[in-house]
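> Provided below are the primary sequence and the corresponding predicted coordinates.
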Amino acid sequence: MENKRSLLKRLTAVLTAFIVLMAMNVQMSMADNAFVPDQVALSWIASPQTTQTVVWRSKAADGKVQYMKESQKTNDFSGAMEKAAQSSSLYGDYNHFEATLENLEPGTSYVYRVGTDNSWSKTASFKTAADDTESFSFMDLGDVQEGENTDPFKELLTQAYTKFPDIRFALCNGDLIDDPESTIEWEAFYKASEGVFDHIPLMTALGNHEGSDSSYFKSMALPQNGPTGYEEQFYSFDYGNAHFVVLNSNIMGNSDQCQPLIDWLESDLQQNNKKWKFAVFHHPPYGVNSGNSGDDVKAAMMQEKWLPVLEDNGIDMVFVGHQHMYMRTYPMKDGKVQEKQANGITYVMVNSSDKYYVNPETHDYIQKVYYGQEDGTNIYTIINIDGDVLTMTSRNSAGIVKDEYVINKGKAMDSRVAVSSVKLLDNSFNEIMSVPALGSYRLKVHLNNNSSQSQNAQTVIQVRSGDGATATCGGTVLGIVSVNADVATDGADVYADFTLPDGSAGTAYVDAYVLDEGYVPIDAPYCQFSFPVTAD
């Protein structure tokens with residue numbers, strides 16, 4: 001009996017020790033988790049070609065970045081380069097960490113992680129800008145301002161980055177959050193953007209919801225090249241053949257403060273000779289809902305003081321937000337609509353949230369507007385730069401195209417009318433996916449009118465196939481149809497009927513041209529549509 005009691009005591013002691021050890025391990029694990037970095041994001045404070053700035057949040061006292069070329073990646077980051085981060089108090093027990101990686105190779109992909117030797121973030125990646133690239137894409141976002149529920153924004157970001165994985169960075173036109181002092185809202189914003197802004201830099205403008213002394217400035221890392229005392233509120237950066245100026249429109253309507261800032265803007269733009277120039281700020285100088293938002297005084301000040309500087313120094317497009325609709329203007333200069341894109345500035349208002357306004361105002365400068373829950377929310381814009389050609393496409397979070405726009409600086413005649421899409425139809429106007437050899441079919445070509453007046457356009461649709469045929473050239477011509485049509489300001493559809501000749505199965509490619517008055521193509525042909533030809 002005594003031996004049994006002794007054995008029971010020893011077993012009890014062992015079990016107790018095991019339980020204590022497990023509890024200690026759980027506590028240590030919880031302590032480690034408290035120092036796991038999160039809210040990892042990229043930006044630039046220097047050259048996108050040779051540097052990358054990384055920021056994150058942690059309760060640790062110090063932190064660093066480990067990074068290496070993706071082509072040399074090791075699972076444990078052995079052989080990685082390291083950069084110690086600067087830290088500052090964020091809120092509560094959290095610190096903000098910031099590190100700028102330097103002497104990187106242009107046009108090169110890197111992998112990285114942040115943290116300490118005992119606690120690392122997930123591995124992420126980025127790619128530096130290629131030297132003087134003339135071909136790249138970026139994304140523009142409007143007001144996020146989702147509060148604590150950022151699921152719609154996450155859906156939008158996921159859709160955008162999945163469909164366009166080659167975008168190099170994102171702009172945001174202000175109002176990332178609703179309450180600038182809500183740590184829960186900031187956490188929700190960064191949680192929704194995980195997997196995107198830790199791979200592409202986010203360059204932001206200050207909205208009216210960020211506040212003047214808030215977590216926005218504590219958590220962001222932005223260029224310091226703005227006017228003295230307004231760094232990170234006003235700044236500029238270059239990417240490839242494009243120049244970007246980011247402005248604080250909360251100040252732009254204040255006549256007492258604006259002149260030194262206008263002088264800085266004018267100097268910045270005059271010293272830059274990039275082919276494309278963009279401005280980003282929050283409040284629109286050409287509004288669509290000024291009655292709701294009370295922005296007419298600010299807009300008048302911007303039109304009087306700021307827009308002449310933008311117009312005289314080659315700004316092509318301005319990205320704004322604030323009024324929770326999607327809106328694009330005709331090209332504007334001196335307060336008047338310009339019929340050629342190169343003669344004015346196009347203003348694009350993007351709304352990337354579920355918050356929306358209704359009852360848009362009617363103005364002659366508005367070319368496109370979407371509003372309300374179904375049409376005016378959760379929109380992102382992709383801008384593709386390819387040498388002389390800018391192509392802008394705006395989609396909602398379901399991927400549906402809401403707006404398209406093209407500027408071609410390489411043509412003496414601007415593309416007042418441009419092809420935006422092609423669809424394959426049967427003779428009953430039903431959309432189909434393929435055509436059998438010797439089959440008849442119909443092509444529907446949608447034309448965008450980029451002017452404020454009805455235009456007459458001659459459209460030529462050509463179909464090619466056979467040996468050597470690619471999306472852009474080659475092969476044997478299977479048919480050509482020319483269609484003349486009046487194109488209203490909101491666009492038009494033209495139709496062309498074809499019958500396939502006898503031939504083998506394969507892929508048929510469609511080219512669509514718009515001709516000028518001299519029957520010369522006014523733009524590169526639209527070559528983004530093809531369809532399968534099936535055997536009899």
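Looks like it arrived, so ask away.

> Spatially nearest residue to the residue nearest the centre of the chain, not counting backbone neighbours?
Centre of the chain computed as the mean C-alpha position; nearest residue by CA atoms, centre = their mean is M139, 1.2 Å away. Spatial nearest neighbour of M139, excluding adjacent residues (CB to CB, 6 or more residues apart in numbering): A170 at 4.4 Å. Every C-beta, even on glycine, is put in place using the N, C-alpha and C of the backbone.

> you'd agree the one you found is up against A205?
No. Counting by CB atoms under 8 Å, A205 is not a contact partner of A170; they are 11.9 Å apart.

> For my notes, confirm the residue nearest to the centre of the chain occurs in a strand.
Yes. Counting by DSSP: H, G, I helix; E, B strand; the rest coil, M139 is located in a strand.

> distance of it from S236?
M139 sits 19 Å away from S236, going by CB to CB, to the nearest Å.

> Show me the helices in the stretch 1-150 of the chain, by range?
Using DSSP state H, counting those that start in this stretch, the helices of the stretch 1-150 of the chain run over 2-33.

> Also the stretch 251-400 of the chain?
258-270, 290-293, 296-301, 307-312, 372-375.

> Adding distance to T476, write these out as a markdown table.
Below are those laid out as a markdown table (distance: least, CB to CB, whole Å):
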| stretch | distance to T476 |
| --- | --- |
| helix 258-270 | 50 |
| helix 290-293 | 57 |
| helix 296-301 | 56 |
| helix 307-312 | 49 |
| helix 372-375 | 43 |
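
> roughly how far apart are E187 and D117?
Counting by CB to CB, the gap from E187 to D117 is 26 Å.

> same thing with N359?
58 Å.

> Counting neighbours around each, name which of these two comes out higher.
N359 (11 against 7; other CB atoms under 10 Å).

> Out of the helices of the stretch 251-400 of the chain, which gets the lowest mean score?
Lowest mean pLDDT of the helices of the stretch 251-400 of the chain: helix 290-293, a mean of 62.

> Please measure how far the first residue of stretch 468-485 sits from its last one.
32 Å (CA to CA, to the nearest Å).

> what comes into contact with it?
445, 447, 456-467, 492, 494-501, 506-509, 527-528, 530 (CB atoms under 8 Å, 6 or more residues apart in numbering).

> swap in stretch 142-159?
Contacts of stretch 142-159 (CB under 8 Å, 6+ apart): 172-179, 182, 184-185, 188-189, 191-193, 195-196, 207, 209, 321-322, 324, 326, 349-355, 377-380, 395-399.

> Restricting to C-alpha, output it in PDB.
Taking C-alpha atoms only, stretch 142-159 is exported to PDB below (Å, rounded to 0.1, in the frame of the first residue of the first chain):
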ATOM      1  CA  GLY A 142     -10.400  57.000 -53.600                       C
ATOM      2  CA  ASP A 143     -11.900  57.300 -50.100                       C
ATOM      3  CA  VAL A 144     -11.600  54.000 -48.200                       C
ATOM      4  CA  GLN A 145     -13.200  55.300 -45.000                       C
ATOM      5  CA  GLU A 146     -14.800  51.900 -44.100                       C
ATOM      6  CA  GLY A 147     -14.600  52.400 -40.400                       C
ATOM      7  CA  GLU A 148     -14.100  49.000 -38.600                       C
ATOM      8  CA  ASN A 149     -15.700  46.900 -41.400                       C
ATOM      9  CA  THR A 150     -13.100  46.800 -44.200                       C
ATOM     10  CA  ASP A 151     -14.400  43.600 -45.800                       C
ATOM     11  CA  PRO A 152     -15.600  45.500 -48.900                       C
ATOM     12  CA  PHE A 153     -12.200  47.200 -49.300                       C
ATOM     13  CA  LYS A 154     -10.400  43.900 -48.900                       C
ATOM     14  CA  GLU A 155     -12.600  42.400 -51.600                       C
ATOM     15  CA  LEU A 156     -11.700  45.400 -53.900                       C
ATOM     16  CA  LEU A 157      -8.000  45.100 -53.200                       C
ATOM     17  CA  THR A 158      -8.000  41.400 -53.700                       C
ATOM     18  CA  GLN A 159      -9.800  41.700 -57.000                       C
END
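
> Centre of the chain to it, how far?
Taking CA atoms, centre = their mean, to the nearest Å, one finds the center of stretch 142-159 at 13 Å from the center of the full chain.

> any idea of the mean pLDDT in it?
89.

> For that stretch, which residues meet the burial criterion?
For stretch 142-159, a neighbour-count test (16 or more other CB atoms under 10 Å) marks 142-147, 150, 152-154, 156-157, 159 as buried.

> Which one's more surrounded, A170 and A205?
Between A170 and A205, A205 has the larger neighbour count (other CB under 10 Å), namely 29 against 22.

> residues contacting that one?
By CB under 8 Å, 6+ apart, the neighbours of A205 are 171-174, 246-249, 280-282.

> ranges for the strands of the stretch 51-200 of the chain?
All strands of the stretch 51-200 of the chain, identified by DSSP state E, counting those that start in this stretch, fall at 52-58, 64-69, 81-84, 86-91, 94-101, 109-116, 119-120, 124-127, 135-141, 170-172.

> Out of the contacts of stretch 468-485, list just those in strands.
445, 447, 456-465, 492, 494-499, 506-509, 527-528, 530 (DSSP state E).

> Would you write a ChimeraX line that selects the buried entries of the residues you listed?
Command for ChimeraX that selects the buried part of the ones in strands among the contacts of stretch 468-485, burial taken from 16+ other CB under 10 Å:
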select :445,447,457,458,459,460,461,462,463,464,465,492,494,496,498,506,507,508,509,527,530
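
> Give the residue spans of the stretch 401-536 of the chain that score low on pLDDT.
Low-confidence segments of the stretch 401-536 of the chain (pLDDT under 70): 411-415, 536.

> Please apply the same query to the stretch 101-250 of the chain.
Using pLDDT under 70, the stretch 101-250 of the chain drops low at 212-213.

> go with 90
131-132, 145-151, 177-183, 208-216, 219 (pLDDT under 90).

> With R168 as the reference, measure out to A512.
29 Å.

> follow-up on the earlier one: of all the helices of the stretch 251-400 of the chain, which lies closest to F217?
helix 258-270 (17.6 Å; CB to CB).

> Now do the closest one: distance to the chain's middle.
For helix 258-270, the distance to the chain centre is 26 Å (CA atoms, centre = their mean).

> ok, back up a step: so which of A512 and R168 has more stuff around it?
More neighbours surround A512 than the other of A512 and R168, with 25 against 20 (other CB under 10 Å).

> Could you export the helices of the stretch 251-400 of the chain as JSON lines, including mean neighbour count and distance to L104?
Output for those, formatted as JSON lines (neighbours: other CB atoms under 10 Å; distance: least, CB to CB, whole Å):
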{"stretch": "helix 258-270", "mean neighbour count": "16", "distance to L104": "25"}
{"stretch": "helix 290-293", "mean neighbour count": "16", "distance to L104": "42"}
{"stretch": "helix 296-301", "mean neighbour count": "16", "distance to L104": "40"}
{"stretch": "helix 307-312", "mean neighbour count": "17", "distance to L104": "32"}
{"stretch": "helix 372-375", "mean neighbour count": "12", "distance to L104": "42"}
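
> now the residue nearest to M139: how far from A221?
Taking CB to CB, one finds A170 at 15 Å from A221.

> Q455 is in contact with V487, isn't it?
Yes. The pair formed by Q455 and V487 meets the contact definition of CB under 8 Å, at 4.8 Å.
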